[in-house]
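Asks: Sequence and predicted structure, then a few things I'm wondering about:
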Amino acid sequence: MEIQLINHQGNRYSYNMLAKATVTPKQAPSFNRIVYSAAHVVSNPLAAADPWINTPLDWEATLAYRRYLWSLGFGVAEAMDTAQRGMGLDWPTSLELIQRTLLAAKDYPNALVASGCGTDHLESDQVKSLDDVIRAYEYQMEAIEALGGKLIIMASRALVKVAKSPDDYEKVYARIISQAKQPVILHWLGDMFDPALNGYWGYQDLDKATQTALDIINAYKDKVDGIKVSLLDKEREINMRRRLPAGVRMYTGDDFNYPELIAGDGIGTETVHQQSDALLGIFDAIAPTASNALQQLAFGNSKGFIQTLEPTLALSRHIFQAPTRFYKTGVVFMAWLNGHQSHFSMVGGQQSARSVQHLCDLFVLADKAGLFLNPELAHAHAVVFENSHINF
């Protein structure tokens with residue numbers, strides 16, 4: 001199949017698709033890692049609302065994608081960065097999303113759901129003190145736990161604003177972690193994902209910041225399930241992983257190096273030191289292939305695991321290239337190409353956050369990696385994209 005795309009010189013060119021369809025597992029597999037996919041949301045472009053102010057969702061399509069992820073063996077990390085939390089998805093809609101997802105999960109035995117708990121309902125001018133931050137976390141914590149939800153303690157822009165030292169981070173996290181009804185996942189989101197989080201844990205120096213995070217985890221190790229590290233720095237993640245207390249997991253958030261980090265290196269006295277579990281946005285975009293790879297790993301075929309995932313790295317590094325915070329556009333574009341939603345429209349108009357060339361390159365990389373469920377459908381959707389952006 002041939003398609004007209006546009007290159008970085010602004011010129012049209014013909015691309016002949018390889019059109020090799022990805023293979024979907026026939027039944028829900030079991031993994032030997034705990035693996036969450038951060039899940040995107042499907043906007044409702046036909047809602048009579050201002051899409052830059054309101055956040056109307058297509059609930060049927062949004063929940064259908066979560067069911068799809070569970071069917072492939074993944075847990076769902078709900079209302080996180082991939083769902084445009086803090087970039088279009090407001091707290092009231094996030095809470096409704098969490099509620100609907102937890103209800104849907106009851107139809108899937110052993111389905112994992114962990115939900116983002118943050119402070120994003122606060123306006124910047126409302127944040128004056130650490131107590132304001134604590135109250136905000138507690139407000140969301142109470143709402144999520146009332147639904148029976150497990151918490152992912154999201155990094156807080158409000159905390160960055162008012163914290164004066166690492167001790168302030170320790171005070172806030174101690175208060176929140178100690179109250180949690182079940183062990184929490186901490187999330188260290190790097191400033192490449194959100195510039196407002198620069199200097200998190202009280203330091204610009206990442207070595208010192210890592211130590212602060214480890215000090216908090218060690219103080220409450222029985223209340224911490226793990227930490228998701230999204231710094232796109234594999235050596236830093238490995239170093240931190242080897243220093244975690246026994247029983248506390250490293251959930252890789254490294255969308256550049258996930259095959260190697262999940263496979264592990266076997267170094268360390270504890271299993272959690274030797275390998276990473278995962279909480280990844282890219283698994284939303286490559287779910288069937290990632291599921292196949294993880295099943296191979298569970299069967300002891302680490303070589304097959306790496307070989308299956310390696311072709312996806314070029315696409316992932318493209319989707320998450322700087323400015324990294326706009327990666328959600330690529331994730332949703334892939335969902336549309338694969339027929340999981342009927343349109344390429346996003347909350348907050350974020351479909352415009354990447355260039356035509358970027359998305360054309362994404363299409364080529366996905367095709368070369370064999371990541372389309374139905375290459376003919378992907379081609380048809382790409383032609384729609386072509387006609388709306390190139391035929392001018």
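Replies: Now that the structure is in, tell me what you want to look at. Since this is a predicted model, take the numbers as computed values, not measurements. Numbers count the residues shown, from 1 in each chain.

Asks: shaky segments in this structure?
Replies: The model of the chain has pLDDT under 70 over residues 390-392.

Asks: which helix of it spans the most residues?
Replies: Secondary structure of the chain per DSSP state H: the longest helix is helix 130-146.

Asks: Sheet partners, orientation included, of the helix or strand that that one is followed by?
Replies: Counting by DSSP states H and E, the element after helix 130-146 in chain order, helix or strand, is strand 150-153. Here strand 150-153 has these sheet partners by DSSP bridges: strand 113-117 (parallel), strand 184-189 (parallel).

Asks: Including distance to Asp284, could these go into a markdown table?
Replies: C-beta coordinates here come from the backbone N, C-alpha and C atoms, glycine included. Output for the strands paired with strand 150-153, formatted as a markdown table (distance: least, Cβ to Cβ, whole Å):
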| stretch | distance to Asp284 |
| --- | --- |
| strand 113-117 | 15 |
| strand 184-189 | 16 |
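
Asks: Out of the ones you listed, which one sits most buried?
Replies: Scoring the strands paired with strand 150-153 by mean neighbour count under mean count of other Cβ atoms under 10 Å gives strand 113-117 as the most buried, with a mean of 28.

Asks: Grab the CA positions of that one and hand them over as PDB.
Replies: Taking Å, rounded to 0.1, in the frame of the first residue of the first chain, the C-alpha atoms of strand 113-117 are listed here in PDB:
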ATOM      1  CA  VAL A 113      -5.800  -0.400  38.800                       C
ATOM      2  CA  ALA A 114      -3.700   2.300  40.500                       C
ATOM      3  CA  SER A 115      -4.900   5.900  40.300                       C
ATOM      4  CA  GLY A 116      -3.200   9.200  40.300                       C
ATOM      5  CA  CYS A 117      -3.500  11.200  43.500                       C
END
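
Asks: Touching it from outside, list them.
Replies: 36, 75-80, 83, 85, 94, 98, 101-102, 105, 137, 140-141, 144, 149-154, 184-185, 187, 279 (Cβ atoms under 8 Å, 6 or more residues apart in numbering).

Asks: between that strand and helix 130-146, how big is the angle?
Replies: Following axes from the mean of the first three to the mean of the last three Cα atoms, to 10 degrees, one obtains 160 degrees for the angle between strand 113-117 and helix 130-146.

Asks: Relative to the whole chain's centre, how far out is strand 113-117?
Replies: Centre-to-centre, strand 113-117 and its host chain are 11 Å apart (Cα atoms, centre = their mean, to the nearest Å).

Asks: Format the CA atom coordinates belonging to the longest helix of the chain as CSV.
Replies: Output of helix 130-146 as CSV, limited to C-alpha atoms (Å, rounded to 0.1, in the frame of the first residue of the first chain):
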residue,chain,number,x,y,z
LEU,A,130,2.9,23.2,53.0
ASP,A,131,-0.3,22.7,54.8
ASP,A,132,-2.2,23.7,51.7
VAL,A,133,-0.4,21.0,49.8
ILE,A,134,-1.0,18.4,52.4
ARG,A,135,-4.7,19.2,52.5
ALA,A,136,-4.9,19.0,48.7
TYR,A,137,-3.3,15.6,48.7
GLU,A,138,-5.5,14.4,51.5
TYR,A,139,-8.6,15.7,49.6
GLN,A,140,-7.8,13.6,46.6
MET,A,141,-6.6,10.7,48.7
GLU,A,142,-9.9,10.5,50.6
ALA,A,143,-11.9,10.6,47.4
ILE,A,144,-9.9,7.8,45.6
GLU,A,145,-9.7,5.6,48.7
ALA,A,146,-13.4,6.0,49.3
